[in-house]
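Q: Below are the sequence and a predicted model; questions follow.
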Amino acid sequence: MSGPRSKLRLRLWQRLFIAFALLSGAVLLGFLAWQQHAFRGAFLDYLDAVALRRLAPSAERLATAYAEHGDWQFLRSAPRRLGDYVELDRWRPRGRPDAAPPPGDVPPPPADLPPPPGDMPPPPPGDMPPPDDAAREPRRGPPRGPPDLMQRLLLVDAQGERVVGNPHVSADAPSIAVMLDGREVGRLRLGRQPELGDAIDSAFARAQARDALIAGLAILALALPLAFALARRLLAPVRALAQATRALADGDYARRVDASRSDELGELAGDFNHLALTLDRNREARRAWGADIAHELRTPLSVLRGEVQALQDGVRLPTPAAFDSLQAECERLGGLVEDLYQLALADAGALEYRFEPLDFAELVQQAAAMQVAGCADDGLALELPAASRIVVRGDARRLAQLVDNLLANARRHTESPGRIRLALSARDGSVRLVVDDTPPGVPSQALPKLFDRLYRVDAARSRVHGGAGLGLAICRAIVDAHEGRIDAQPSPLGGLRIVVELPLAAEGRA
């Protein structure tokens, strides 16, 4: 079943080439059809214009006849006489100089032919035809027009009323005036020629159509190789991108593609390079993350193992102080595991949030008040913010965790005696929480990395021992979930400043 399906499979460049070819063919056929239609109409107009110009002598003959009779009644009573005033010699079919005029008609004599002499002897009596025969003799008069022309003619009087001719000729048909003494006594209209009846005209039209078709096929023959080359060239970056994607899927995160183009393919190549770089960094971060987690867990486990081993060996007595030390290490290990769990939930988008309007100023004051005593024990002065009601839409438990982590980070990395100051303000549709502490500070090159997992600055930033480097990472996850932003800056107090901005709720904006 897969054999026939695979045979019909077309690559993208092949489909693009076929599309180009079909489009070129359709445009060419449409152009040829339009060109033939336009040429036929223009050629028929040309033939009508030529025919109308050749009717000028006929209009003069009709004017002379009108002068003789005084009106058009002589034609109304004998419509067939209109052909007597249409010249024949100029309407003789082209290519047939030997064609005879219609039966009963002869071409008019040349104008310079001298008249017969007046003393010419009469014909012999025996040759004189009887009167009845003379009456039946075919009438010798002006030449008659060809039948196809007569069917297209219409003669109207000065008021536009039909005199004689085809009544279906429209009023806007080409016409020539019949003038007598400077005034128009009638108009000879020529109906449009419906088709090419003359053999020479038809042959000319066919030759034009054949030449146009040959030119179109030649253009198509030139366009197809260009379409083939264009399709291959346009999709060359796509092929390179496909190969690089397969390499990336196989783990080659160092693969890059040329992104120098200024079109959408160049943008796609740039996005691919950015994706490869991000995957490469994530792989390195994942490796470092595993190593750092193992290190962070190994430290408290080693302490616990040593404490327990000392108790088992009798090196250390099971005093309350010993158990307190074991309890502290267990709490540290439990806190580390909990932080890792929280970050794992944040990565998976599984952290639970219950968003509701709440007074953020009151929440910050309550969370900070619970750490005043701890800060005093550490030799640190905690300055609480004084702010009025500020309403945000958030999760009270997660925002309290945010404040606790920020204060814990400041307590852990501020020398005693020192100071921690909280400031709270609202403006431009957002609430701004600022946490400043005293030295030691953080190098400027380390500020953007403070919110990375397991990142820790030099030990000089720690009063007793450094943390695991997870608290600020959890803070960033909470702020991101509340559609806010968090930033680290040098503090005017000499230490670190953490700035958190959260959007105000609709009630807070009002």
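A: Yes, it's here.
Q: what mean pLDDT would you report for the helix or strand where Ala423 lies?
A: Here Ala423, judged by DSSP states H and E, is contained in strand 418-427. The pLDDT scores in strand 418-427 average 92.
Q: In the stretch 301-450 of the chain, what residue spans correspond to helices?
A: Per DSSP state H, counting those that start in this stretch, the stretch 301-450 of the chain carries helices over the ranges 320-348, 360-369, 372-377, 396-412.
Q: List the buried residues in the third one.
A: Using 16 or more other CB atoms under 10 Å as the test for burial, helix 372-377 gives Cys375. C-beta here means a position set from N, CA and C on the backbone, and glycine is covered the same way.
Q: again with the first one
A: Of all the residues in helix 320-348, those buried under the rule 16+ other CB under 10 Å are Leu326, Glu329, Arg332, Leu333, Gly335, Leu336, Asp339, Leu340, Gln342, Leu343, Ala346.
Q: Val308 is in contact with the first one, correct?
A: Yes: Leu326 is in contact with Val308 according to CB atoms under 8 Å; the separation is 7.5 Å.
Q: What mean pLDDT does the helix or strand hosting Thr245 get?
A: Using DSSP H and E, Thr245 falls within helix 236-249. Model confidence over helix 236-249, given as mean pLDDT, is 85.
Q: What of stretch 83-96?
A: Averaged across stretch 83-96, the pLDDT comes to 56.
Q: Kindly report the same for stretch 308-328.
A: The average of the pLDDT scores along stretch 308-328 is 82.
Q: what's the burial count for Arg453?
A: 21 (other CB atoms under 10 Å).
Q: Next, give phi and psi for the residue nearest to it when sequence neighbours are not counted.
A: Sequence neighbours aside, Ala473 is the residue nearest to Arg453 in space, at 4.5 Å (criterion: CB to CB, 6 or more residues apart in numbering). The phi and psi values for Ala473, taken as degrees, to the nearest 10, are phi -60, psi -40.
Q: For burial, what's the neighbour tally of Ala473?
A: When neighbours are counted by other CB under 10 Å, Ala473 registers 20.
Q: do the one 4 residues further on as well
A: Counted with other CB under 10 Å, the burial measure for Ala477 works out to 20 neighbours.
Q: do Gln445 as well
A: Number of residues near Gln445 (other CB under 10 Å) recorded here: 7.
Q: gap between it and Leu406?
A: 22 Å (CB to CB, to the nearest Å).
Q: And Ala218, by the same measure?
A: 78 Å.
Q: out of those two, which sits in the more crowded spot?
A: Higher neighbour count among Ala218 and Leu406: Leu406, with 24 against 10, using other CB under 10 Å.
Q: Verify the contact between the more buried one and Val435 for me.
A: Yes: using CB under 8 Å, Leu406 is in contact with Val435, at 4.9 Å.
Q: if I look at those two, which residues touch both of them?
A: Ile498, Val500 (CB atoms under 8 Å, 6 or more residues apart in numbering).
Q: Does the residue lying closest to Lys449 once chain neighbours are set aside fall in a helix, a strand, or a coil region?
A: Of all residues not flanking Lys449 in the chain, Tyr455 sits nearest, at 4.9 Å (CB to CB, 6+ apart). Counting by DSSP: H, G, I helix; E, B strand; the rest coil, the backbone at Tyr455 sits in coil.
Q: Can you give me the neighbour number for Ile420?
A: With other CB under 10 Å as criterion, Ile420 counts 24.
Q: Show the contacting residues for Leu447.
A: Ala488, Gln489, Pro490.
Q: Just the buried subset of those residues, please.
A: Taking 16+ other CB under 10 Å as the criterion, what is buried in these is Ala488.
Q: Which members of the contacts of Leu447 are positioned in strands?
A: Applying DSSP state E to these, the entries found in strands are Ala488, Gln489, Pro490.
Q: Touching, the last one and Ser444? I think so.
A: The one in question is Pro490. Yes: because the distance of 7.0 Å satisfies CB under 8 Å, Pro490 is recorded as touching Ser444.
Q: What ranges in the stretch 251-400 of the chain fall below the confidence cut-off?
A: For the stretch 251-400 of the chain, residues meeting the criterion pLDDT under 70 lie at 289, 292, 295-296, 299, 347-350.
Q: quick revisit: in TSV: the contacts of Leu447, plus distance to Thr319 and pLDDT.
A: Output for these, formatted as TSV (distance: CB to CB, whole Å; pLDDT from 0 to 100):
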residue	distance to Thr319	pLDDT
Ala488	42	94
Gln489	46	94
Pro490	45	94
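Q: Could I get the contacts of Leu447 in TSV, plus columns for distance to Ile176?
A: Putting these into TSV (distance: CB to CB, whole Å) gives the following:
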residue	distance to Ile176
Ala488	96
Gln489	95
Pro490	99
